[in-house]
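Peer 1: Here is the input, now give the coordinates:
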Amino acid sequence: MKNIQRKEYLEKIARFIDKPVIKIITGMRRAGKSFLMRQVIDELKTKGINPKSILYINMDLVEFDHLQNYKDLNHHIKKYFKANQQTKYLFIDEVQNIDQWEKTINSIFTETGTDIYLTGSNAGMLSSELSTHLSGRYIELPLHTLNFNEFLKFRKNPDKDREKEFLLFLRYGGLPAIHQLELEDESIYPYIRAIYNTILLKDVVARYQVRSVNLLENITEYVFDNIGNNFSAKRIADYLKSQQTQVGVDTIQNYLKQLESAYLINKVKRYDLKGKKILEVNEKYFLGDIGIRHSVLGYRENDISGILENVVYLELLRRGYKVNIGKQAKQEIDFVASKENEKIYIQVCYLLASEETISREFEALLAIKDNYPKYVLSMDKLFGNDYQGIQRLNIIDFLQKPTRKT
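Peer 2: Below is the predicted model:
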């Protein structure tokens with residue numbers, strides 16, 4: 001796995017090497033940020049950059065435990081700079097573990113012009129306060145877990161086995177390190193569950209000083225159990241009440257925001273296509289990696305529709321789209337995805353197995369009167385002609401062959 005590059009991300013970063021902007025790679029813990037950062041360092045070395053010109057700090061390592069705050073960080077960097085006058089590149093992994101780190105980063109960037117690369121596993125690091133310190137001086141490069149094409153690459157399997165491999169992908173998700181293990185439940189799920197526990201404890205409980213870990217876990221499991229379904233914090237509160245747990249809606253909303261900050265879940269808001277406005281009720285949540293859900297709840301084949309929606313949602317994010325749920329009168333569009341002057345509408349279902357299903361999936365799209373591309377994605381293998389301008393695609397084909405160059 002060491003020699004497998006995530007070229008798409010490397011190419012994005014390469015555009016900004018030696019440019020006067022701080023590069024911040026964000027994403028869920030164990031999604032591959034550290035691996036990508038080391039590949040950037042290797043890329044610099046292959047171009048002839050002296051290793052002494054590169055300072056690498058990994059805050060997950062014990063040797064950097066002494067860097068508790070921005071003053072410690074500033075002292076450490078200045079000491080290295082003094083010993084290595086040619087230092088030009090600074091890499092800090094999991095920078096959010098250093099209190100008020102942005103003060104030192106802003107100072108170093110302003111004083112020395114050092115080329116700076118950071119990773120973080122909590123969206124709180126890009127809060128309004130940070131934006132104030134580094135306004136106009138940084139770019140965020142979101143990194144997601146492996147998509148299906150990358151999964152195949154890590155598996156080193158030819159496309160002829162793609163249906164079998166796709167089932168494995170749906171079962172185990174896209175965390176890169178699972179490919180160091182045998183792809184079987186007994187090996188993969190304990191590993192992923194350990195990552196889940198780490199995310200909860202380090203990136204949520206410790207960071208936000210959560211008092212009731214049990215309540216947090218219950219809320220998280222509710223979200224996991226309802227991917228692809230519309231619900232609200234009120235509905236979660238009602239569910240917990242039925243389980244003899246009293247908790248306020250505001251508390252639940254705070255927990256949901258904290259889980260979002262750790263990139264464990266993603267809130268997708270509903271968009272009224274007629275009124276052209278965002279709706280603030282009954283949003284959906286999808287997971288940063290589907291394998292985490294199965295490690296907590298177990299793999300349940302009956303949940304295939306929500307699982308497929310989650311996979312398509314992550315792929316749309318990967319392609320750079322902003323994603324909403326579409327509301328068209330009383331009908332719903334699974335995804336309205338847009339970027340720049342481009343927009344696409346997508347319905348996702350497991351199989352178009354009945355006239356009722358076909359009618360439901362296509363009628364919602366036919367009711368939209370603009371000329372942007374519209375797709376119905378399913379696991380069906382045989383397709384006829386497009387239906388009244390709506391394209392029918394196999395989900396695997398969609399994942400492997402982008403609808404257009406992005």
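
Peer 1: Okay, strands next: where are they in the stretch 51-200 of the chain?
Peer 2: 54-58, 89-93, 115-120, 138-142 (DSSP state E, counting those that start in this stretch).

Peer 1: Deepest in the core, which of these is it.
Peer 2: Highest mean neighbour count of those: strand 115-120, a mean of 24 (counted as mean count of other CB atoms under 10 Å). From N, CA and C alone the C-beta is placed, and that goes for glycine too.

Peer 1: Where do the domain boundaries of the protein fall?
Peer 2: 7-142, 148-400 (automatic domain parsing).

Peer 1: Let's have those in JSON lines, adding mean pLDDT.
Peer 2: Formatted as JSON lines, the domains of the chain follow (pLDDT from 0 to 100):
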{"stretch": "domain 7-142", "mean pLDDT": "91"}
{"stretch": "domain 148-400", "mean pLDDT": "93"}
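
Peer 1: which secondary structure element contains residue 274?
Peer 2: Of the helices and strands defined by DSSP states H and E, none includes residue 274.

Peer 1: how far away is it from residue 296?
Peer 2: 38 Å (CB to CB, to the nearest Å).

Peer 1: How many neighbouring residues does the nearest residue to residue 233 once chain neighbours are set aside have?
Peer 2: Excluding its sequence neighbours, the residue lying closest to residue 233 (CB to CB, 6 or more residues apart in numbering) is residue 252, at 4.2 Å. Applying other CB atoms under 10 Å, we find 20 residues neighbouring residue 252.

Peer 1: Does residue 252 touch residue 231 like I think?
Peer 2: No: using CB atoms under 8 Å, residue 252 makes no contact with residue 231, being 10.8 Å away.

Peer 1: quick one, helices of the stretch 1-150 of the chain?
Peer 2: Using DSSP state H, counting those that start in this stretch, the helices of the stretch 1-150 of the chain run over residues 7-14, 33-46, 70-83, 101-112, 128-134, 148-155.

Peer 1: between residue 274 and residue 296, who's got more neighbours?
Peer 2: Neighbour totals were compared for residue 274 and residue 296, and residue 296 leads with 17 against 10 (other CB under 10 Å).

Peer 1: in which helix or strand would I find that one?
Peer 2: Per DSSP H and E, the secondary structure element for residue 296 is helix 290-297.

Peer 1: now what about that helix, what contacts it?
Peer 2: 170-175, 178, 188-190, 192-193, 195-196, 220-221, 224-225, 227, 264, 287, 307, 310-311 (CB atoms under 8 Å, 6 or more residues apart in numbering).

Peer 1: Buried only: go through those for me.
Peer 2: With neighbours counted by 16 or more other CB atoms under 10 Å, the contacts of helix 290-297 contain buried members at 170-175, 178, 188-189, 192, 195-196, 220, 224, 227, 264, 287, 307, 310-311.

Peer 1: related to what we said a few turns ago, quick one: contacts for the residue nearest to residue 233?
Peer 2: Residue 252 touches 219, 233, 236-237, 240, counting by CB under 8 Å, 6+ apart.

Peer 1: Kindly report the same for residue 19.
Peer 2: residue 115.

Peer 1: Return the closest of the contacts of residue 252 with respect to residue 9.
Peer 2: residue 219 (31.4 Å; CB to CB).

Peer 1: Not counting sequence-adjacent ones, nearest residue to that closest one?
Peer 2: Nearest non-adjacent residue to residue 219 (CB to CB, 6+ apart): residue 255, at 5.0 Å.

Peer 1: part of a strand, is that neighbour?
Peer 2: No: counting by DSSP: H, G, I helix; E, B strand; the rest coil, residue 255 is located in no strand; its state is helix.

Peer 1: just checking, it touches residue 216?
Peer 2: Yes: at 5.7 Å, residue 255 counts as touching residue 216 under the criterion of CB under 8 Å.

Peer 1: Need the residues touching each of the two.
Peer 2: Common neighbours of residue 255 and residue 216 (CB under 8 Å, 6+ apart) are residue 210.

Peer 1: out of those two, which sits in the busier spot?
Peer 2: Between residue 255 and residue 216, residue 255 has the larger neighbour count (other CB under 10 Å), namely 23 against 19.

Peer 1: need the contact list for the more buried one.
Peer 2: 210, 215-216, 219.

Peer 1: Please apply the same query to residue 33.
Peer 2: 25-27, 93, 119, 121, 143.

Peer 1: Relative to residue 397, which of those residues is nearest.
Peer 2: Distances from residue 397 to these, taken by CB to CB, are shortest for residue 143, at 24.9 Å.

Peer 1: And for the closest one, the neighbour number?
Peer 2: Residues within reach of residue 143, counting by other CB under 10 Å, total 22.

Peer 1: cool, and the one 3 residues further on?
Peer 2: Neighbour count of residue 146, defined by other CB under 10 Å: 25.

Peer 1: next one: stretch 244-252 to chain centre, how far?
Peer 2: Distance of stretch 244-252 from its chain centroid, counting by CA atoms, centre = their mean, to the nearest Å, is 27 Å.

Peer 1: Show me what counts as buried in it.
Peer 2: In stretch 244-252, counting by 16+ other CB under 10 Å, buried: 247, 252.

Peer 1: what's the span of that stretch, first residue to last?
Peer 2: Stretch 244-252 has an end-to-end distance of 15 Å (CA to CA, to the nearest Å).

Peer 1: okay, how far is it across stretch 258-265, tip to tip?
Peer 2: Span of stretch 258-265 from end to end, CA to CA: 9 Å.

Peer 1: And for that stretch, what's in contact with it?
Peer 2: Under CB under 8 Å, 6+ apart, the answer for stretch 258-265 is 26-29, 31, 121-124, 196, 199-200, 203-204, 207-208, 210, 216, 219-220, 223, 256, 266-267, 285-288, 292.

Peer 1: Going along the chain, name the helices of the stretch 251-400 of the chain.
Peer 2: Ranges of helices within the stretch 251-400 of the chain are 290-297, 304-318, 355-366, 395-400, based on DSSP H, counting those that start in this stretch.
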